[in-house]
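Participant: Quick one, fold the following:
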Amino acid sequence: MQHRLFRASKSSLFSLNRNLLQNSLATRQAQLLNPTMRMFALANPEIMRNIGISAHIDSGKTTVTERILFYSGKINQIHEVKGSDNVGATMDSMELEREKGITIKSAATFCSWKDYHINLIDTPGHVDFTVEVERALRCLDGAVLLICGASGIQPQTLTVDKQMKRYDVPRIIFVNKLDRMGASPELAISGARDRLGLNAAAVQVNIGIENGLDGVVDLVTWKACYFDGDNGELVRETDIPEAMISECREKKLELLSCLAECGDEEMEEFFLEENIDVPVEQLKECIRKNTINLNFCPVFLGSAYKNKGVQKMMDGIIDYLPKPTEVTNYAYDITKDGAKTVMEINAKKPFVGLAFKLEETKFGQVTYVRIYQGKIKKGQSIMNTNTNKKIKVSRMVRMHSADMEDINEAGPGDIFALFGVDCASGETFCDIDVKYQMTEMHVPDPVMSLTVKNKKMEDLDNFLKALNRFVREDPTFTVQHNQESEEIIISGMGELHLFVYCERIKREYDVDITIGNPTVNYRETIGGKT
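Facilitator: Predicted coordinates:
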């Protein structure tokens, strides 16, 4: 009798999981086939999140982004970085990125999650491409800082943390790769506290570790979460395993302690009474408030490669990171001697946008723009306040990695791209009747130089065209002509940075070049004269 009951319950569970899977797939297909289902939130900043994903190289940024796109229904198949199917991850659109298995340039995309619109930028992790992280964080409202669960805090983690603090970007932390040998969420969290100086605490406890990683316990909702299905697309919530209740209670008291340090008297009272029965919405609101105020960093756990924990981290993006209206941005009013003015996320205000990234494509220059105030429509005339040039908006697109979707309008707080606009990175666009300039981003000085020369004279035009394009796209890439040695010297952030551009000259412009070290000019001084 008991055997038959077990078999019946197992059959019912299988049927339930199958129905959940079918519903999940049906929802994903509907999102892919119906653009309005994905685009409904574009004009409403109240249900919008502008985020970036940043970390040390090989921490899993692109892998996390791939899962976000899959679980949100933006893509219907997962591809890995340097995958065996020779396709590669969605956000690594360059041939060089897929060959080397690293992200070279930041890529923008958008998706929907639980009725919220998310603009997302996947950034490189290598220090040579740090300007890509710099300009992404300059225009974003929030960020996800990835920390490798096995390696902990690494050199570029420190750099990314400084960049986030430079622009006052609220962040949540995702400790990734907990399936790796030697993984330790405690090591990552203590590193965030000691080396980054963050008031960080876990909002989850991992169920298992390394090869035994099964899921996470959500300390806020007090539920155990498992990720079923071929790609972890089915989130199953159950009661916390009895063996983990004591550990989870200890971790929740630690969470309340960190929130109490932010000056929250209610959380302090719960902590002093060792009462973990905090109302879910009250705890969420406390975490959200202190995250946005840069007083606290909630820590999520999981493994993107093993499809565990990403959906709960996506919930954290919605629950704890700010919407555009909750972030204060400033511009300088040129008509009032550069007076500092607060930008308002309001469609009725004059349009103000920042060109934070340029990219040359086979269709022409694509200019990525973040709107800080007002709205913009196709056919509208705007002004480049850095050059005082009037521009007519002929084409507007929304970027999904290298793919484009034409749009006719973009609202306050949104991120989109313009075609056919002649400008430089960091310039400000405004309505014709106002003149604002946004604050500039930090650009580090080049640290390494090489000489480059085209082998064939007939390639000179393409060679100079390539150099001119790269200088416009990347403010850390500079070109100089040494009059004495007759050498063209390129400078950048490191060896990989410069060799990537040299390789792009060969591939994208079909120009053979020679590379060398700059010549040092010696002068002999005789009798005090050179």
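
Participant: okay, CA-based contacts and neighbour counts for the rest of this
Facilitator: OK.

Participant: buried residues in stretch 381-388?
Facilitator: In terms of neighbour count (16 or more other CA atoms under 10 Å), stretch 381-388 has its buried residues at 382, 383, 384, 385.

Participant: Filter these down to just the ones in strands.
Facilitator: Secondary structure from DSSP state E places 382, 383, 384 of these in strands.

Participant: distance of the last one from residue 397?
Facilitator: Same thing as residue 384. 19 Å (CA to CA, to the nearest Å).

Participant: go on, residue 117?
Facilitator: Taking CA to CA, one finds residue 117 at 16 Å from residue 397.

Participant: out of those two, which sits in the busier spot?
Facilitator: Per other CA atoms under 10 Å, whichever of residue 117 and residue 397 has more neighbours is residue 117, with 25 against 22.

Participant: could you pull out the strands for the stretch 301-450 of the chain?
Facilitator: 330-333, 339-342, 352-361, 364-373, 376-377, 381-384, 389-392, 395-400, 403-407, 409-410, 415-419, 428-430, 436-438, 448-454 (DSSP state E, counting those that start in this stretch).

Participant: Any buried residues in the helix or strand hosting residue 266, and which?
Facilitator: For residue 266, the host element (DSSP states H and E) is helix 265-272. By 16+ other CA under 10 Å, the buried positions in helix 265-272 come out as 267, 268, 270, 271.

Participant: dump the residue contacts of the last one.
Facilitator: The neighbours of residue 271, taking CA atoms under 8 Å, 6 or more residues apart in numbering as the test, are 253, 256, 257, 260.

Participant: before we move on, what about the first one?
Facilitator: Residue 267 makes contact with 256, 257, 259, 260 under the criterion CA under 8 Å, 6+ apart.

Participant: Need the distance between the two termini of stretch 418-430.
Facilitator: By CA to CA, one end of stretch 418-430 lies 14 Å from the other end.

Participant: That stretch: which residues count as buried?
Facilitator: Buried residues in stretch 418-430 (16+ other CA under 10 Å): 418, 419, 420, 421, 423, 424, 425, 426, 427, 428, 429, 430.

Participant: Next up, phi/psi of the fifth one, please.
Facilitator: Backbone dihedrals for residue 423, given as degrees, to the nearest 10, come out at phi -160, psi 180.

Participant: Below-threshold pLDDT in the protein: ranges please.
Facilitator: Low-confidence segments of the chain (pLDDT under 70): 1-43, 82-86, 521-530.

Participant: can you list the domains in it?
Facilitator: Taking automatic domain parsing as the criterion, the chain consists of the domains 24-326, 330-438, 448-516.

Participant: Among the contacts of residue 271, which lie within helices?
Facilitator: Counting by DSSP state H, the part of the contacts of residue 271 found in helices is 253, 256, 257, 260.

Participant: Can you add distance to residue 77 and neighbour count and give the residues you listed back as a markdown table?
Facilitator: Converted to a markdown table, the ones in helices among the contacts of residue 271 look like this (distance: CA to CA, whole Å; neighbours: other CA atoms under 10 Å):
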| residue | distance to residue 77 | neighbour count |
| --- | --- | --- |
| 253 | 40 | 20 |
| 256 | 39 | 26 |
| 257 | 41 | 20 |
| 260 | 43 | 19 |
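
Participant: Now the two most distant members of those residues.
Facilitator: The two members of these with the most space between them (CA to CA) are 253 and 260, at 10.3 Å.
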